[in-house]
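In: build the 3D model from these lines:
(chains A and B, ligands or ions: 1)
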Amino acid sequence: MPKRVLKEFKVEYLQILDENGNCDEALMPKLSNDEIRKIYEMLVLIRVFDQKAFNMQRQGRLGTYIQFKGQEACQVGSAFALDDDDFIFPMYRNSGLLIARKQPIVQVLQYWNGDERGSVSPKNVNNFPISIPVGTQTVHAAGAAFAAKLRNTKQVSVVYFGDGATSKGDFHEAMNFAGVFNAPAVFICENNQYAISVPRSKQTHSDTIAQKAIAYGIEGIQIDGMDIFAVIKAVKDAVDKGRSGKGPTLIECYTYRLADHSTSDDASRYRPKEEIELWAKKDPIDRLEKFMQNKKLLDDAYKQKVLVQSQEIIEKAVTEFEKIQPPDPKDIFKYVFAEMTQQQKEEMEELFGK
Amino acid sequence: MVVTNIVQAVTMGLRQELARDKNVVVMGEDVGLNGGVFRATDGLQKEFGADRVVDTPLAELSIVGCAIGMAVNGLRPVAEIQFSGFMYSTFDQLLSHAGRIRMRSRGRFTCPIVVRTPYGGGIRALELHCESGEAIFAHTPGLKMVVPSNPYDTKGLLAAAIRDPDPVIFYEPMRIYRAIKQDIPEKDYIVPLGKANVIQEGDDLTLISWGAMVKTCQEAVEKLNNKYSVELVDLRTINPYDAEAIADSVKKTGRCVIVHEAIRTGGFAAELIASINEKVLLSLEAPVIRITAPDVPFPLAKLENYFLPDATRILKGIERVMSY
Ligand SMILES: Cc1ncc(C[n+]2csc(CCOP(=O)(O)OP(=O)(O)O)c2C)c(N)n1
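Out: Have a look, this model is predicted:
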């Protein structure tokens, strides 16, 4: 019996705005000029934040911090496509996403200074605390999405993770569950080419991460993760699809981490400067500026204004952050259970007196 | 002799064993080109090649599971888990398999793996970068559990762990990775598993600890300024633990304080107290007490000092036992 082809698959790639600011108008998501300006302002704001937080860590004013420079479009673009009561399950590299999702900047700083109060999600916004373990949060998104389906809330659950996370079973199991339950989950992989020092090529033998969706019978797409319009379109499409009961999507945002892995890392040990320079040319903000310039949506004065405005917002938040009193030490006991155990009560008394 | 801190002692131990036995393979996330996030494997890939010092994909369960398969088929894998908080996903492999292979195959297959991992808090690290889970592993049959407290023991215990015929969890005290320097031999030596170390002899009270807390205990003893004669015992191996050394010491002193960084309930101090009760209850002049972290998740940096036992709390414990 000759072999026959049972199934054939393809993997699509989406880019709308290239690095020179050229745009494929046919694919362009519907955005008003005001919306484009708002998106631009958020991109600049989180970049200013990122640099400030890094500087503060270096000055000893903040704990370990994880930069996201280069990945702003993934975070702002996806946040733009969501409603407040949609769930996000962020990873540690998602400070920009949190800010774009209305998490007060002061709180984001608190978190990175080792103050758990920074993780408290604003009222009516479902920002789950960031996941420090790589990949474990993927399964929660499948579950929250399944709940939304069972409860018919029309919420979508979006989970963020890196290329490294796709090596973990959690990621595969999450896609499998979301697929089986046909749940409104969106899996956003910010493929920034590295998991600390390990390049993507050593993380998986497959050519793309997007194609991993195929095995679970769900849709997967690779997009230019430095292209804000591609992110908005892909996430909007996935969200609409999820809301209308058509199941989960995996979006591989092909991007790059322009900074070190963290404030404890020295990326020069494992990647050449030339590589970073090459990727810097694809910068998501530069590219949007070119587009906006062409559309007469941006001139030098506006650009300057946005920068100054962003710096003011961040400085104000930093001032407020530095005035915050440290948390009550008893907090370490207070939130473990709804009701403290007898042992905990005794331990608390031993530590802090009656 | 060479002046060495604990991280360097790990590197030396690994280098020695890689050179001694061609079946030893070091594996984990970022251990190759990057030399590990703490540089514990610095230079080893260059020296021994990418087949002996292997950068793996990011998947702890598979790192350990794969190491088990490699061990079953003749190698001696030394796996690194980047932080002990990321051991949790390996439990299935360790608890369901590593600790049972010898028994299930009646010795036909064995599992001589070592899983190294930095543990403990005190360096303002992120969530899950500060865990102390030694009691969990001690509560698993078939796994040995080792926690060194200084460079000399680190190199010697690591060599012993790698040569051991059974699976060993090797906890490295991250907080004092670079805080203690010692002159240690460059030549091959081992510190046997299962043997405690009496760091300082004394008659009034036995103070037992392991890992990074040994240093904190030493600070407390120093602050005591010879008010009491304290016998300081470094347990070094949690499983199998040296019950005899503890019984001998407590028999002599009649009083005991146990210090660990892990949380209290189900912590390893409880096991040691049971052992003391079983062996030398009638020698006790006061109840044995434990100075531990409270029963809460390790807090983020701002509050970690309230969680971690310190010299002051240890001194208070000593006074309580001495004045009983
Ligand atoms: C389960 C787990 N293992 C290891 C680590 C340590 N670690 C932190 S980030 C990281 C690399 C993650 O890479 P990737 O998933 O690609 O995300 P990126 O950091 O590049 O955004 C590692 C190994 C961790 N946090 N969690």
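
In: okay, CA-based contacts and neighbour counts for the rest of this
Out: Fine.

In: where does chain B get nearest to chain A, residue-wise?
Out: Per Cα to the nearest Cα, residue B:301 is where chain B lies closest to chain A, at 4.3 Å.

In: C-terminal to the lengthiest strand in chain B, what's the next element?
Out: As assigned by DSSP state E, the longest strand anywhere in chain B is strand B:256-263. Downstream of strand B:256-263, the next assigned helix or strand under DSSP states H and E is helix B:268-280.

In: packing partners of that following helix?
Out: Secondary-structure packing of helix B:268-280 (3 or more Cα pairs under 8 Å, 6 or more residues apart in numbering or on different chains; DSSP states H and E): helix B:134-138, helix B:243-253, strand B:256-263.

In: which other helices and strands does the second one contact?
Out: Think helix B:243-253. strand B:205-209, helix B:268-280.

In: just those: most buried one?
Out: Highest mean neighbour count among the helices and strands packed on helix B:243-253 (mean count of other Cα atoms under 10 Å in any protein chain shown): strand B:205-209, with a mean of 26.

In: tell me the buried residues in the next helix or strand after that one?
Out: Sequence-wise, the next helix or strand downstream of strand B:205-209 (DSSP H and E) is helix B:212-224. Across helix B:212-224, burial judged by 16 or more other Cα atoms under 10 Å in any protein chain shown covers B:212-221, B:224.

In: export helix B:212-224 as CSV, just CAs?
Out: Provided in CSV are the C-alpha atoms of helix B:212-224 (Å, rounded to 0.1, in the frame of the first residue of the first chain):
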residue,chain,number,x,y,z
ALA,B,212,23.8,28.9,55.5
MET,B,213,22.3,28.9,59.0
VAL,B,214,25.6,27.4,60.4
LYS,B,215,27.2,30.8,59.8
THR,B,216,24.3,32.5,61.6
CYS,B,217,24.7,30.1,64.5
GLN,B,218,28.4,31.0,64.6
GLU,B,219,27.5,34.7,64.8
ALA,B,220,25.2,33.9,67.7
VAL,B,221,27.8,31.8,69.5
GLU,B,222,30.3,34.7,69.1
LYS,B,223,27.9,37.1,70.6
LEU,B,224,27.5,34.8,73.6
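
In: show me how the chain divides into domains.
Out: Unless you meant another one, I'm taking chain A. As recorded under automatic domain parsing, the domains making up chain A are A:12-323, A:327-354.

In: wait, chain B was what I had in mind.
Out: Taken from automatic domain parsing, chain B resolves into B:2-184, B:197-322.

In: give the contact list for the residue in the stretch 1-150 of chain B that the ligand sits nearest to.
Out: Ranked by Cα to the nearest ligand atom, the top residue of the stretch 1-150 of chain B for proximity to the ligand is residue B:86, at 5.0 Å. Neighbouring residues of residue B:86 by Cα atoms under 8 Å, 6 or more residues apart in numbering or on different chains: A:133, B:60, B:128.

In: contact partners for the second one?
Out: With contact set as Cα under 8 Å, 6+ apart, residue B:60 has these partners: A:168, B:81, B:86-87, B:89-90.

In: can you pick the most crowded of the residues you listed?
Out: residue B:81 (24 neighbours; other Cα atoms under 10 Å in any protein chain shown).

In: surely it and residue B:30 touch.
Out: No: in this structure residue B:81 lies outside contact range of residue B:30 using Cα atoms under 8 Å: 10.0 Å.

In: contact residues of chain A facing chain B?
Out: Counting by Cα under 8 Å from any Cα of the partner chain, the residues of chain A close to chain B are A:63-64, A:113-116, A:132-133, A:164-165, A:167-169, A:195-198, A:202-204, A:265, A:269-270, A:326-327, A:329, A:332-333, A:336, A:343-344, A:347-348, A:351.

In: and the ligand, which of those residues contact it?
Out: Applying Cα under 6 Å from any ligand atom to the residues of chain A next to chain B, one finds that A:132-133, A:164-165, A:195-196 fall near the ligand.

In: gap between the residue of the stretch 201-324 of chain B found nearest the ligand and residue A:346?
Out: When scored by Cα to the nearest ligand atom, the stretch 201-324 of chain B has residue B:300 as its residue closest to the ligand, at 14.9 Å. In this view, residue B:300 and residue A:346 are 22 Å apart by Cα to Cα, to the nearest Å.

In: out of those two, which sits in the more crowded spot?
Out: residue B:300 (24 against 15).

In: list the contacts for residue A:197?
Out: Residues in contact with residue A:197 (Cα under 8 Å, 6+ apart) are A:267, A:270-271, B:30, B:33-34.

In: of these, buried ones?
Out: The buried subset of these - by 16+ other Cα under 10 Å - is A:267, B:30, B:33-34.

In: what's the single longest helix in chain B?
Out: The single longest helix within chain B, with elements called by DSSP state H, is helix B:6-20.

In: for chain A, same thing?
Out: Under DSSP H, chain A gives helix A:33-58 as its longest helix.

In: tell me if the helix or strand that it is followed by is near the ligand.
Out: Following helix A:33-58 in sequence order, the next helix or strand is helix A:72-80 (DSSP H and E). No: applying Cα under 6 Å from any ligand atom, one finds helix A:72-80 separated from the ligand by no less than 11.7 Å.

In: packing partners of helix A:72-80?
Out: With contacts taken as 3+ Cα pairs under 8 Å, 6+ apart, helix A:72-80 sits against helix A:33-58, helix A:95-100, helix A:228-243, helix A:284-294.

In: the domains of chain A: which one's closest to residue B:17?
Out: domain A:12-323 (24.9 Å; Cα to Cα).

In: I'd assumed residue A:190 was in contact with residue A:250.
Out: No: using Cα under 8 Å, residue A:250 makes no contact with residue A:190, being 10.9 Å away.

In: can you give me the helices in the stretch 201-350 of chain A?
Out: Applying DSSP state H, counting those that start in this stretch to the stretch 201-350 of chain A gives helices spanning A:228-243, A:273-280, A:284-294, A:300-323, A:331-334, A:342-352.

In: just put those in JSON lines and tack on mean pLDDT.
Out: Shown next, in JSON lines, are those (pLDDT from 0 to 100):
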{"stretch": "helix A:228-243", "mean pLDDT": "98"}
{"stretch": "helix A:273-280", "mean pLDDT": "97"}
{"stretch": "helix A:284-294", "mean pLDDT": "98"}
{"stretch": "helix A:300-323", "mean pLDDT": "98"}
{"stretch": "helix A:331-334", "mean pLDDT": "96"}
{"stretch": "helix A:342-352", "mean pLDDT": "96"}
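
In: okay, the ones you listed, which one's buried deepest?
Out: Stretch with highest mean neighbour count among these: helix A:228-243 (a mean of 24; mean count of other Cα under 10 Å).

In: now do it and helix A:33-58, the angle between them.
Out: 100 degrees (axes from the mean of the first three to the mean of the last three Cα atoms, to 10 degrees).

In: may I have helix A:228-243 exported as PDB, CA atoms only?
Out: Extracted C-alpha coordinates of helix A:228-243, given in PDB (Å, rounded to 0.1, in the frame of the first residue of the first chain):
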ATOM      1  CA  ILE A 228       2.700  47.200  16.800                       C
ATOM      2  CA  PHE A 229       0.000  46.800  14.100                       C
ATOM      3  CA  ALA A 230       0.700  43.200  13.600                       C
ATOM      4  CA  VAL A 231       0.400  42.600  17.300                       C
ATOM      5  CA  ILE A 232      -2.800  44.500  17.500                       C
ATOM      6  CA  LYS A 233      -4.300  42.700  14.600                       C
ATOM      7  CA  ALA A 234      -3.300  39.200  15.600                       C
ATOM      8  CA  VAL A 235      -4.400  39.600  19.200                       C
ATOM      9  CA  LYS A 236      -7.700  41.300  18.200                       C
ATOM     10  CA  ASP A 237      -8.400  38.400  15.800                       C
ATOM     11  CA  ALA A 238      -7.600  35.800  18.400                       C
ATOM     12  CA  VAL A 239      -9.600  37.600  21.100                       C
ATOM     13  CA  ASP A 240     -12.700  38.000  18.700                       C
ATOM     14  CA  LYS A 241     -12.300  34.400  17.800                       C
ATOM     15  CA  GLY A 242     -12.200  33.300  21.500                       C
ATOM     16  CA  ARG A 243     -15.200  35.500  22.400                       C
END
